[in-house]
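Q: got a structure for you, letters missing:
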């Protein structure tokens, strides 16, 4: 049996991991979110056409980076706690053009104290 080239072996592992329901990894300011928190955000983003939001549409893998955008009263759209073991604590997606259904995986955002997805 011959050995697979490293790049091919890694590709095979990634395909198998994806098929097994591998969790997402967030990036940027969200790199220290747990996989569960990241999965909850990504599920919300994907289910409500996040790429079409009026703000934060580029933050699929970086919800904490969405904190730079503010709602009408100047509050960041997304707030995350801490630097290590970060959690999403505040989500205000009001008036951003969400379309779709709020997914069950939003329950993964266990530290959220404020959630607004209204029009």
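A: In hand now; what should we look at? Computed from a prediction, not measured in an experiment: that's the story for all the values here.

Q: now do the helices in this protein.
A: Read by DSSP state H, the chain holds these helices, from start to end of the chain: 6-19, 35-47.

Q: buried ones in the shortest one, by neighbour count?
A: When burial is assessed from 16 or more other CB atoms under 10 Å, helix 35-47 yields the following buried residues: 36-45, 47. Placement of C-beta: from N, CA and C, glycine included.

Q: contacts only, for residue 28.
A: Residue 28 makes contact with 61-62, 64-65, according to CB atoms under 8 Å, 6 or more residues apart in numbering.

Q: any idea how far residue 112 lies from residue 52?
A: With the distance defined as CB to CB, to the nearest Å, residue 112 ends up 22 Å from residue 52.

Q: looking at these two, which is more packed in?
A: Neighbour tally, residue 112 and residue 52, criterion other CB atoms under 10 Å: the higher count belongs to residue 112, 18 against 12.

Q: pretty sure the more buried one is touching residue 93, no?
A: No: shown here, residue 112 and residue 93 do not form a contact pair, counting by CB atoms under 8 Å, at 11.7 Å.

Q: pLDDT at residue 29, what is it?
A: Reading off the confidence values, residue 29 has pLDDT 93.

Q: and it, how many neighbours does it have?
A: 19.

Q: please renumber so the chain begins at 6
A: In the new count, where the first residue is 6, that last one comes out as residue 34.

Q: quick check: it touching residue 64?
A: No: under the criterion of CB under 8 Å, residue 34 lies out of contact with residue 64, with a separation of 9.3 Å.

Q: which residues are in contact with both of those two?
A: The contact sets of residue 34 and residue 64 overlap at residue 70 (CB under 8 Å, 6+ apart).
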